[in-house]
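[1] Model the following, please.
(4 chains, ligands or ions: 2)
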Amino acid sequence: MDIKFTNRGSTLIAAFSGELDHHFAEYVRNKIEREVIKATTRDVIFDLTGLSFMDSSGIGVLVGRYANIRKLGGKAAIICSNGRIRKILEISGVLKLMPVYSELNDALRALSGA
Amino acid sequence: MDIKFTNRGSTLIAAFSGELDHHFAEYVRNKIEREVIKATTRDVIFDLTGLSFMDSSGIGVLVGRYANIRKLGGKAAIICSNGRIRKILEISGVLKLMPVYSELNDALRALSGA
Amino acid sequence: MQPVNEMKLEFLSKSSNEAFARVVAAAFVSQLDPTIEELADVRTAVSEAVTNAIIHGYEDETGTIRMVCRLYERSVEIEISDEGKGIEDIELAMQPLYTSKPEMERSGMGFTVMESFMDRVKVRSKPGEGTTVTLYKTFSSAERPRKKQEK
Amino acid sequence: MQPVNEMKLEFLSKSSNEAFARVVAAAFVSQLDPTIEELADVRTAVSEAVTNAIIHGYEDETGTIRMVCRLYERSVEIEISDEGKGIEDIELAMQPLYTSKPEMERSGMGFTVMESFMDRVKVRSKPGEGTTVTLYKTFSSAERPRKKQEK
Ligand SMILES: Nc1ncnc2c1ncn2[C@@H]1O[C@H](COP(=O)(O)OP(=O)(O)O)[C@@H](O)[C@H]1O
Ligand SMILES: Nc1ncnc2c1ncn2[C@@H]1O[C@H](COP(=O)(O)OP(=O)(O)O)[C@@H](O)[C@H]1O
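    Numbering: from 1, shown residues only, chains lettered A, B, ... in the order given. Ligands and ions are numbered 1, 2, ... in the order given. Take a look at the predicted model:
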């Protein structure tokens, strides 16, 4: 499990790779929180493209981070191409909180556009 | 586990791939025996390059086939680049029966040359 | 019906064993030649049940989790059990979004995910005695051509 | 010494479970961050011991094989046991090239391979009661930098 950050203006892109389960949830949570509170961050894109596995522990991580991003006045979006992970996002209602895209550019456009 | 055969003149090349253990030993044995008894086969090269795993069950297969090839008047050689498999060949004395090479061409030259 | 193959695994309720349990279940079930998608379904459901045993069953203690897999001609039965806390109200626990640990950022979606990816999920539990979750799935493999020699 | 992690596996003495047992041992041991070579050593030794339990321990019957893995800070202990035939003369059995089943094309190199790839191999056996082979190995991982966050 790994997570890498890049900035595009005030948008933080958090790119996950590997397997996201309960074992790595706290590690990922702390890593993201440290980046989110930086003054340079407003919106956040969760890029799940590199994940080979995610279960409902990942939902907890995403929803928890989403709440904090909103509190700080930002927006969030998800990039995901894996059908199973997308289904988990869907049944858990995450897609009602954050839009999901297949491409980074679409997510960037949506966040800046709105 | 898979095994593929090609002929170079009277030399049969048996190319193994996957994991060779006791579970697949009989399957491999039967496959090779069917090719060895063909009139077109004299010498045999066991190409182990594609094996990701082999244990001492593989030794039994090789030594057993070697005995039959010799009975039919042929010679045999091995191609192997994996260090662990080579060590198993060495400690079990297989290298005293059959020469081992890293390259197919060397094995072909040795069999035809001798 | 007699299983064609069977295994029992016991391991400690450490979070590093979540990935281990997924690997074991997938490796065993792969003997039935499931599709990659079916195998991922199993991995996901096993991960949910094992995580629950660790977080909810044993909470902060270290206990033993047991996973039994039974393979039939084209289906699997996976039983995951703990001797932990147990569940008071199973019906409530299985509701989507219900969690007893929102402070741990649990989503309450574990059972729902298991039910989405498996054919059937059975839960037996007694407060103070533990919980057993049984996951059932039938594979499409019987309809696909099988590499006979590799069985 | 208390293990940092432990697991117990029971499976049927079917040859299709040889690969399964290797996967399980490797997946568990990989928690110690061994090198790829060290992991392959473990896979090879486990394969030998499990194959012996199937072929020699249970011969034509189906019995249960038990594998216990204990992880310590930087070493592993793997116990593989059957309740099969047992070994009359352990010293003879462990001789290179000795096999009681030459007609099955066994090479008699199983124990020698185990001893080459592990640090120590202990065999306990009683005719009619079964055999337990314990494999020990210490890894170099403690000397290599560890990805702390991933533990
Ligand atoms: N093995 C278990 N032992 C005790 N309680 C459990 C167990 N599994 C599930 N539960 C209870 O069921 C609830 C719902 O579980 P689940 O749907 O997996 O969501 P989550 O794990 O996100 O809370 C848990 O919050 C817990 O109260
Ligand atoms: N689990 C076991 N139960 C009974 N006998 C065994 C067992 N393991 C090994 N043996 C005996 O020890 C001999 C040597 O084993 P090994 O060195 O692995 O060679 P091989 O398996 O090729 O015969 C076997 O031929 C068998 O007689």
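[2] Look up how far chain B lies from the spatially most central residue of chain A.
    The structure's chain A has its C-alpha centroid closest to A:Phe46; by C-alpha atoms, centre = their mean the separation is 2.3 Å. Distance, A:Phe46 to chain B, using C-beta to the nearest C-beta, to the nearest Å: 36 Å. C-beta coordinates here come from the backbone N, C-alpha and C atoms, glycine included.
[3] What of C:Glu103?
    Counting by C-beta to the nearest C-beta, the gap from C:Glu103 to chain B is 46 Å.
[4] ok, how many other residues are close to residue 79?
    No chain in the question, so chain A it is. Here the count is done by other C-beta atoms under 10 Å in any protein chain shown, and A:Ile79 has 22 residues near it.
[5] My question was about chain C, not that one.
    For C:Glu79, the tally of surrounding residues (other C-beta under 10 Å) stands at 18.
[6] which SSE is the one residue in chain A that gets nearest to chain B in?
    Relative to chain B, the nearest point of chain A is A:Ser52 (20.3 Å; C-beta to the nearest C-beta). Under DSSP states H and E, the secondary-structure element containing A:Ser52 is strand A:43-54.
[7] which residues touch C:Ala27?
    For C:Ala27, the contact set (C-beta atoms under 8 Å, 6 or more residues apart in numbering or on different chains) comprises D:19-20, D:23-24, D:27.
[8] now with 7 Å?
    For C:Ala27, the residues meeting the contact criterion (C-beta atoms under 7 Å, 6 or more residues apart in numbering or on different chains) are D:20, D:23-24.
[9] Let me have those in JSON lines, extended by pLDDT.
    JSON lines is the format used below for those (pLDDT from 0 to 100):
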{"residue": "D:Phe20", "pLDDT": "98"}
{"residue": "D:Val23", "pLDDT": "98"}
{"residue": "D:Val24", "pLDDT": "98"}
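[10] out of those, which are inside helices?
    Residues of those located in helices (DSSP state H): D:20, D:23-24.
[11] Apply the buried test to the residues you listed and list what passes.
    D:20, D:23-24 (16 or more other C-beta atoms under 10 Å in any protein chain shown).
[12] Out of these, flag the one nearest to C:Leu12.
    When those are compared for distance to C:Leu12, the smallest value, 15.0 Å, is given by D:Val24; criterion: C-beta to C-beta.
[13] tell me the contacts of the closest one?
    With contacts defined as C-beta under 7 Å, 6+ apart, the neighbours of D:Val24 are C:24, C:27, D:9.
[14] just the angle between the lowest-mean-pLDDT helix or strand in chain A and strand A:43-54, please?
    Per-element confidence for chain A was summarised using mean pLDDT, DSSP states H and E. The lowest value among helices and strands belongs to helix A:104-113, with a mean of 91. Per axes from the mean of the first three to the mean of the last three C-alpha atoms, to 10 degrees, the angle that helix A:104-113 makes with strand A:43-54 is 150 degrees.
[15] low-confidence ranges in the chain?
    Just going to use chain A. For chain A, applying pLDDT under 70 flags the ranges A:114.
[16] oops, chain C please
    Within chain C, the stretches with pLDDT under 70 are C:141-151.
[17] is the longest helix seen in it anywhere near ligand 1?
    Ranked by residue count and defined by DSSP H, the top helix of chain C is helix C:36-52. Yes - residues of helix C:36-52 are located near ligand 1 by C-beta under 6 Å from any ligand atom, namely C:48, C:52.
[18] With stretch A:82-90 instead?
    No - in terms of C-beta under 6 Å from any ligand atom, no part of stretch A:82-90 sits within range of ligand 1; the closest distance is 12.0 Å.
[19] coming back round to it: and the strand holding A:Ser52, what other elements does it pack with?
    Where contact means 3 or more C-beta pairs under 7 Å, 6 or more residues apart in numbering or on different chains; DSSP states H and E, strand A:43-54 is packed against strand A:11-20, strand A:76-79, helix A:83-91, helix A:104-113.
[20] residues near residue 34, how many?
    Answering for chain A, as no chain was given. When counting by other C-beta under 10 Å, one arrives at 10 neighbours for A:Arg34.
[21] The intended chain is chain C.
    C:Pro34 sits with 22 neighbouring residues when counted by other C-beta under 10 Å.
[22] Return the backbone torsion pair for it.
    C:Pro34 has phi and psi values of phi -70, psi 170 when expressed as degrees, to the nearest 10.
[23] Ok, C:Glu59 next?
    Listed backbone geometry of C:Glu59 is phi 40, psi -120, with angles given as degrees, to the nearest 10.
[24] so what's it up against?
    Shown here is C:Glu59, whose contacts under the criterion C-beta under 7 Å, 6+ apart are C:Lys85.
[25] If we use 8 Å, what do you get?
    Taking C-beta under 8 Å, 6+ apart as the definition of contact, the neighbours of C:Glu59 are C:84-85.
[26] Same question for C:Leu135.
    Here C:Leu135 is in contact with C:42, C:45-46, C:49, C:76-80, C:114, C:118, C:120-121 (criterion: C-beta under 8 Å, 6+ apart).
[27] Show me the strands in chain C, by range?
    C:5-12, C:64-71, C:75-82, C:120-126, C:130-138 (DSSP state E).
[28] Show me the one of these that comes nearest ligand 1.
    The stretch from those with the least distance to ligand 1 (C-beta to the nearest ligand atom) is strand C:130-138; that distance is 3.8 Å.
[29] Paired strands for the closest one, with orientation please.
    strand C:75-82 (antiparallel), strand C:120-126 (antiparallel) (DSSP bridges).
[30] I'd like those laid out as a markdown table, including distance to B:Leu108.
    Converted to a markdown table, these look like this (distance: least, C-beta to C-beta, whole Å):
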| stretch | distance to B:Leu108 |
| --- | --- |
| strand C:75-82 | 47 |
| strand C:120-126 | 58 |
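[31] which of these is buried the deepest?
    Each of these was scored by mean neighbour count; the highest is strand C:75-82, a mean of 22, by mean count of other C-beta atoms under 10 Å in any protein chain shown.
[32] Could you confirm whether that strand reaches ligand 1?
    Yes - part of strand C:75-82 sits near ligand 1 under the criterion C-beta under 6 Å from any ligand atom, namely C:Asp82.
[33] Now do that strand: distance to the chain's middle.
    For strand C:75-82, the distance between its averaged C-alpha position and the chain's averaged C-alpha position is 6 Å (C-alpha atoms, centre = their mean, to the nearest Å).
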